[in-house]
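Visitor: next comes the sequence, and after it the predicted model I'd like to discuss.
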Amino acid sequence: MNNPHRLPDPYPDPQRWMILFSVCLAGLIMPINFTGPAVSLPAIAASLGGSVVALSWVTNAFMLTFGCSLMIAGALADRFGRKRVFISGLAVLTLSSLVMLMVQDIIAFDLIRALQGIAAAAAFAGGTSGLAQVFDGTERAKAFSLLGTTFGIGLAFGPLLAGFLVQHFGWHAIFISVSLLSAIALFAGIRYMHESRDPAAAKLDWPGAATFTLALTLLTYAVLQAPDSGWASREVIALFSGALLSMAAFILIEKRVRRPMLDLSLFRYPRFVGVQFLAAAPAYSYVVLLVLLPLRFIGIEGYGTLEAGIVMFALSAPMLILPLLAGMLAHRFSAGLISSLGLLICALGLLWLAQYAPGQPFLLLILPLLTIGCGISLPWGLMDGLAVSVVPKDRAGMATGIFSTIRVAGEGIALAIVGALLAALVERHLPGSPLTNAAAGAHRLAMGDLQQAAALLNADTAALKQGYEAAFHNLLYILALTTAISAGIVFIFLRHASPSPITHPQTADAHSLAERSTE
């Protein structure tokens, strides 16, 4: 009789590669479900209407609930079964994408997007932690590198697919595609994946989960609300204060529980800390561009959705190849060197992109986007494998949850912060004397709504374009500096990592693994 707590060993080759197919297909859905609505946001706004804040939640609702739910989903996967959580997430994602076809207003749309984020977190955490039980050693390295490449395919083709679907069939077609892909991954997972769980898993840390979720929600809402209400307004200050208090409560709770959702003691080890910094680094160097650039290309520069998708393909095309190359290089060079070098290349690409102005030759836009994509692809190919290498194999769900939470929650917060920063920069570059509706108009302009901004500000669109261009130019310099600093931090913490950081035996405890990384 099979042990219900672990997969058969040896695992039949055809079956485990079908499991990898199912998890990779689920991984493909995540970036499509993020980039697709970002590209189609102008079409969604035209169809459903809504305020600037409500439209911001189209992407932020998914990212926020995804980030908040990952640690919970990882803990649930370890305790109740990785297959069960994986299948449940895919089932909800399939059905919720179909429900999108009947949505009539932006509030309902945002609520379903939040539900999709929870479902995506369950599918991702259950799938990746289950995958860690199926493959070992060099095969695990290859499997997670392939998963990273699959993410790259979703990021590369997501905007292109969304642009094609929106232009020919409308924005609803994006969610039909997501539903179809989810259903295929669901069937493969049901058919081939075996159940596994951590027999030592404790009850879910509900107080920790609640305070963590509340902290991220309040922080994100505060940043989104600040451009309209003002950073010094009572409402925004109250939201920031609530976020700070909730995070303090979360830390206190995690220190007291026997088996915490987030093992804070792991942050004493340089390699673990370096991996978490690496998780957050792509948010400001790459992910925010997946939202901001389509808004610029479509709303400000007048590209069609398909044209914008073609241009965005250059940003993510290197993800098709370079993550696998990074996995091979990791056997010869340290993860810190490869990752920090990639981030520095990314920073140079951002500086290059800042020199582009509308109307210049098309090639001047494509080359810096390719440079950014090449740079971010190097750490991208290492991140998921590194995440599960810092804890024992039976805590893979927790490792995936912590790493992915920091990555995705960081991306959601980065989107809110960078969006607010762009709005503030746009307001500084508005033409003429101070305007009554300056904040609201700048926020609309930052969202790519040129016509509504012109109506609010009673200003010429050519002048507004010029102000937006100057603001975006300054924003790219800030993002480049942030990325360069991140490269230095990642190198410092991962410089002593093993040349093959994702192939360590997974039977040692977390502390001995972390200590070995500093030898």
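Guide: Ah, there it is.
Visitor: okay, now residue 108: neighbour count?
Guide: 14 (other CB atoms under 10 Å). Yep, even glycine has a C-beta here, placed from its N, CA and C like the rest.
Visitor: tell me the average confidence for the helix or strand encompassing it?
Guide: Residue 108 is part of helix 106-134, with elements assigned from DSSP states H and E. On average, the pLDDT along helix 106-134 is 88.
Visitor: can you check stretch 478-489 too?
Guide: pLDDT averaged over stretch 478-489 gives 94.
Visitor: for stretch 333-343, same thing?
Guide: Averaging pLDDT along stretch 333-343 yields 87.
Visitor: hmm, who's touching that stretch?
Guide: Stretch 333-343 has contacts (CB atoms under 8 Å, 6 or more residues apart in numbering) with 274, 278, 281, 285, 326, 329-330, 374-380, 382, 386, 483-484, 486-488, 490-499, 501.
Visitor: residue closest to the middle of the chain?
Guide: Nearest to the mean C-alpha position of the chain, counting by CA atoms, centre = their mean, stands residue 408 at 4.1 Å.
Visitor: now that one: how far from residue 151?
Guide: To residue 151, residue 408 is 12 Å away according to CB to CB, to the nearest Å.
Visitor: how about the residue nearest to the centre of the chain: what's its closest non-neighbour residue?
Guide: residue 67 (3.9 Å; CB to CB, 6 or more residues apart in numbering).
Visitor: centre of the chain versus the strand or helix carrying residue 54, how much separation?
Guide: Here residue 54, judged by DSSP H and E, is contained in helix 52-80. Centre-to-centre, helix 52-80 and its host chain are 10 Å apart (CA atoms, centre = their mean, to the nearest Å).
Visitor: from the contact counts, what lies against it?
Guide: With contacts taken as 3 or more CB pairs under 8 Å, 6 or more residues apart in numbering; DSSP states H and E, helix 52-80 sits against helix 13-39, helix 41-48, helix 82-99, helix 106-134, helix 206-229, helix 396-428, helix 438-446.
Visitor: ok and whichever helix or strand comes after the last one relative to helix 52-80, angle-wise?
Guide: Beyond helix 438-446 in the direction of the C-terminus, DSSP H and E gives the next helix or strand as helix 450-457. Relative orientation of helix 450-457 versus helix 52-80 (axes from the mean of the first three to the mean of the last three CA atoms, to 10 degrees): 130 degrees.
Visitor: sort out which residues of helix 450-457 are buried, please.
Guide: Across helix 450-457, burial judged by 16 or more other CB atoms under 10 Å covers 450, 452-454, 456-457.
Visitor: the residue nearest to the centre of the chain is in contact with residue 70, isn't it?
Guide: Yes: counting by CB atoms under 8 Å, residue 70 is a contact partner of residue 408 at 6.2 Å.
Visitor: what residues are shared contacts of those two?
Guide: residue 121.
Visitor: show me what the host helix or strand of residue 472 is packed against.
Guide: Assigned by DSSP H and E, residue 472 belongs to helix 461-494. Using 3+ CB pairs under 8 Å, 6+ apart, the elements in contact with helix 461-494 are helix 270-282, helix 335-353, helix 396-428, helix 438-446, helix 450-457.
Visitor: mind putting those into JSON lines with distance to residue 57?
Guide: What follows is those, written out as JSON lines (distance: least, CB to CB, whole Å):
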{"stretch": "helix 270-282", "distance to residue 57": "22"}
{"stretch": "helix 335-353", "distance to residue 57": "26"}
{"stretch": "helix 396-428", "distance to residue 57": "10"}
{"stretch": "helix 438-446", "distance to residue 57": "14"}
{"stretch": "helix 450-457", "distance to residue 57": "18"}
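Visitor: poorly predicted segments of the stretch 301-450 of the chain, please.
Guide: For the stretch 301-450 of the chain, the stretches flagged by pLDDT under 70 are 359, 362, 384-401, 432-436.
Visitor: state the distance from the residue lying closest to residue 156 once chain neighbours are set aside to residue 57.
Guide: Closest residue to residue 156 apart from its sequence neighbours, by CB to CB, 6+ apart: residue 316 at 3.7 Å. For residue 316, the distance to residue 57 equals 24 Å [CB to CB].
Visitor: looking at those two now, which is surrounded by more residues?
Guide: The neighbour comparison of residue 316 against residue 57 (other CB under 10 Å) goes to residue 316, with 29 against 24.
Visitor: if I look at the more buried one, how far off is residue 293?
Guide: 11 Å.
Visitor: just to revisit the earlier point, buried stuff in the helix holding residue 472?
Guide: For helix 461-494, by 16+ other CB under 10 Å, it's 464-465, 467-469, 471-476, 478-480, 482-484, 486-487, 489-491, 493-494.
Visitor: returning to that earlier point: what's the angle between the helix or strand encompassing the residue nearest to residue 156 and helix 41-48?
Guide: Using DSSP H and E, residue 316 maps to helix 305-316. Our comparison of helix 305-316 with helix 41-48, counting by the same axes, to 10 degrees, yields an angle of 140 degrees.
Visitor: so which elements touch helix 305-316?
Guide: Looks like helix 305-316 contacts helix 13-39, helix 137-169, helix 288-295, helix 363-388 (3+ CB pairs under 8 Å, 6+ apart).
Visitor: swap the cut-off to 6 Å and go again
Guide: If you count contacts as 3 or more CB pairs under 6 Å, 6 or more residues apart in numbering; DSSP states H and E, helix 305-316 packs onto helix 137-169, helix 363-388.
Visitor: and these as a markdown table, adding distance to residue 234?
Guide: Output for the helices and strands packed on helix 305-316, formatted as a markdown table (distance: least, CB to CB, whole Å):
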| stretch | distance to residue 234 |
| --- | --- |
| helix 137-169 | 39 |
| helix 363-388 | 39 |
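Visitor: most tightly packed of those helices?
Guide: helix 363-388 (a mean of 24; mean count of other CB atoms under 10 Å).
Visitor: can you redo the buried residues of helix 450-457 as a markdown table with distance to residue 189?
Guide: Below are the buried residues of helix 450-457 laid out as a markdown table (distance: CB to CB, whole Å):
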| residue | distance to residue 189 |
| --- | --- |
| 450 | 44 |
| 452 | 44 |
| 453 | 46 |
| 454 | 49 |
| 456 | 49 |
| 457 | 51 |
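Visitor: of those, closest to residue 95?
Guide: Using CB to CB, residue 452 comes nearest to residue 95 of the buried residues of helix 450-457, at 34.2 Å.
Visitor: ok, and the closest non-adjacent residue to that closest one?
Guide: Counting by CB to CB, 6+ apart, the residue nearest residue 452 is residue 444, at 4.8 Å.
Visitor: what's the angle between the next helix or strand after the helix holding residue 316 and helix 363-388?
Guide: Sequence order places helix 322-329 as the next helix or strand after helix 305-316, per DSSP H and E. In terms of direction (the same axes, to 10 degrees), helix 322-329 departs from helix 363-388 by 50 degrees.
Visitor: list the buried residues of helix 322-329.
Guide: Going by neighbour count (16+ other CB under 10 Å), the buried part of helix 322-329 is 322-327, 329.
Visitor: ok, the closest residue in space to residue 130 that isn't next to it in sequence - how many residues close by?
Guide: Leaving aside its sequence neighbours, residue 130 sits nearest to residue 82 (CB to CB, 6+ apart; 3.6 Å). Residues within reach of residue 82, counting by other CB under 10 Å, total 33.
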